[in-house]
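Participant: Below is the sequence, then the predicted model.
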Amino acid sequence: MARRDPDAPKRLAIIASKGTLDFAYPPFILGSTAAAMGWEVGIFFTFYGLPLLLRNYDPKVSPLGNPAMPLKMPFGPPGFRQISWPIPAIVEALPGFSLLATSLMQETFKQKGVPSLLELRQMCIDAGVNLIACQMTMDVFGFKKEDFIPECTVGGAATFLEFASDADVSLFI
Amino acid sequence: MTEVLQPDRVLDCSGLLCPLPVIRTSKAIKEIGIGQVLKVIATDPGAPADMEAWARQTGNELIDAHEEDGKYVFFFRRVR
């Protein structure tokens, strides 16, 4: 592939490899922002990041095995909201705890004025971000092309690398 | 300086956090003509640095940035 035209817009190439709510945000935030700055953006969704392109995806997050994640309440007086609750890992392992942690994080984000993940994904689509679904992951985990949003394209490592070879910024998330 | 600046459009991003102020600004500036002025109001503490970076990256002119009643106010002129 020929080197890009020097007057071409800057290019951002991201690999999104994780599908939990906390790690799902950065690719979409950076992708939509770079597009808003006039950059060309491609995000390659692979392994556990691939489900972020499913038509209906509702990512979860858990403090279990995620010890840096604070557990704070999105309600109550300010002092109460500041408390980072020390929950033992054995409690975090109970059924339903990740649903609780997910809803707490979603509510906090909403209150602070951060858009939902699906809203951010739509902003990326509207801004023309190139969303690439990893073909190999689709085959390995048993997904079909129809499971994914129609705006994504399907590609492999070579597709991403060719795009990234001319990127000004490349990130692995 | 701001007293004489008459914006052609005003965008209020109060209460919104990153990345919304930048994304909404980029949309709004495409809806005014080249040479026209967009006023943006934001409360995101990251907005001053982000708005400057956005203006540099897109080539639009940040004419003025200041604080007013605890909010950040920006005036952009659409250049391209």
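Facilitator: Alright, I've got the coordinates. Numbering: from 1, shown residues only, chains lettered A, B, ... in the order given.

Participant: Other residues contacting stretch A:81-98?
Facilitator: Identification of contacts with stretch A:81-98 by C-beta atoms under 8 Å, 6 or more residues apart in numbering or on different chains yields A:60-64, A:70-75, A:101. Bear in mind the C-beta positions are built from the backbone N, C-alpha and C, glycine included.

Participant: Redo those residues as a markdown table? Include secondary structure and neighbour count.
Facilitator: A markdown table is the format used below for the contacts of stretch A:81-98 (DSSP: H, G, I helix; E, B strand; the rest coil; neighbours: other C-beta atoms under 10 Å in any protein chain shown):
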| residue | secondary structure | neighbour count |
| --- | --- | --- |
| A:Lys60 | coil | 16 |
| A:Val61 | coil | 21 |
| A:Ser62 | coil | 18 |
| A:Pro63 | coil | 22 |
| A:Leu64 | coil | 17 |
| A:Pro70 | coil | 11 |
| A:Leu71 | coil | 16 |
| A:Lys72 | coil | 15 |
| A:Met73 | coil | 14 |
| A:Pro74 | coil | 15 |
| A:Phe75 | coil | 10 |
| A:Ala101 | helix | 22 |
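
Participant: Make CSV out of the residues you listed and add pLDDT.
Facilitator: CSV is the format used below for the contacts of stretch A:81-98 (pLDDT from 0 to 100):
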residue, pLDDT
A:Lys60, 91
A:Val61, 90
A:Ser62, 88
A:Pro63, 86
A:Leu64, 87
A:Pro70, 84
A:Leu71, 85
A:Lys72, 86
A:Met73, 88
A:Pro74, 88
A:Phe75, 88
A:Ala101, 90
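
Participant: Residue 41: what's it in contact with?
Facilitator: By default, I'm working from chain A. A:Val41 touches A:11-14, A:31, A:34-35, A:124, A:127-130, counting by C-beta under 8 Å, 6+ apart.

Participant: that's the wrong chain, I wanted chain B
Facilitator: Per C-beta under 8 Å, 6+ apart, neighbours of B:Ile41: B:10-14, B:71-74.
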